[in-house]
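J.: kindly generate the corresponding structure for this input.
(one chain, ligands or ions: 1)
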Amino acid sequence: MSDRAVSPVAIIMGSDSDLPIMKEAGAVLEELGVRYQLDILSAHRTPEQAREFATGARERGTKVIIAGAGGAAHLPGVIAAYTTLPVIGVPITSPDLGGIDSLLSIVQMPRGVPVATMAINGARNAGIFAAQILAVADPGLQERMLVQKRALAEAVIEKAKSLKERREQ
Ligand code: RP5
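T.: This next block holds a predicted model:
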């Protein structure tokens, strides 16, 4: 399902060390039948490539960008500076400050340049949110998302039922 040519979602990250978390965004997109591309780009280490990626994204057919980064996590904000496509930011846990640094770096964007910021390590929700944006104009995807949401509800109802049964024994 990862397909560079015709992917509406681009998942990018600052380092391969972000991949164990960021692959969760790809996993949920695969569950929902949404194509995506994966790339490593760094706002600090490859700033030119990051700019080129962002300025050309719309032309390549990208509709939503998911950007994960940790520490001084400037990648989502820099990408948002260069495109009008929606950018979803995923703060990745950092070894020294636990990801609070990543979260604040991504969420505190200046007025006029938003990044939709997920929870620390919230890559799965980033994938779901990207799909929700695409589903506004895609009834088939909307239906698949409803099925997934119903399954979430059913899992909770099942857990509540089994808790009740255990307490009644
Ligand atoms: C950030 O620095 C990356 O997003 C990563 O979370 C963090 C550490 O990168 P590595 O030193 O592991 O490459 O740019």
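J.: the chain - how does it break down into domains?
T.: Here the domain assignment for the chain is 9-137, 139-169, based on automatic domain parsing.
J.: out of those domains, nearest to the ligand?
T.: Of all the domains of the chain, domain 9-137 sits nearest to the ligand, with 2.4 Å by Cβ to the nearest ligand atom. In this view, the C-beta of every residue, glycine as well, is placed from N, C-alpha and C.
J.: for the most centrally placed residue in the chain, give its distance to R167.
T.: Centroid check for the chain by Cα atoms, centre = their mean gives A126 as the closest residue, at 2.9 Å. Counting by Cβ to Cβ, to the nearest Å, the gap from A126 to R167 is 37 Å.
J.: one step back: could I get the domains of the chain in JSON lines, plus columns for mean pLDDT and distance to the ligand?
T.: Shown next, in JSON lines, are these (pLDDT from 0 to 100; distance: least, Cβ to the nearest ligand atom, whole Å):
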{"stretch": "domain 9-137", "mean pLDDT": "98", "distance to the ligand": "2"}
{"stretch": "domain 139-169", "mean pLDDT": "96", "distance to the ligand": "28"}
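J.: pick the most deeply packed of those domains.
T.: Highest mean neighbour count of the domains of the chain: domain 9-137, a mean of 19 (counted as mean count of other Cβ atoms under 10 Å).
J.: end to end, how far does it reach?
T.: Taking Cα to Cα, to the nearest Å, domain 9-137 runs 14 Å from one end to the other.
J.: the chain: helices as residue ranges?
T.: For the chain, the helices defined by DSSP state H occupy 19-31, 47-56, 75-82, 100-107, 123-135, 139-168.
J.: columns distance to V90 on top of those helices, output as TSV?
T.: Converted to TSV, those look like this (distance: least, Cβ to Cβ, whole Å):
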stretch	distance to V90
helix 19-31	7
helix 47-56	16
helix 75-82	8
helix 100-107	8
helix 123-135	5
helix 139-168	19
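J.: what sits against L75?
T.: By Cβ atoms under 8 Å, 6 or more residues apart in numbering, the residues touching L75 are I12, M13, G14, L41, S42, A43, A50, A67, G68, A69.
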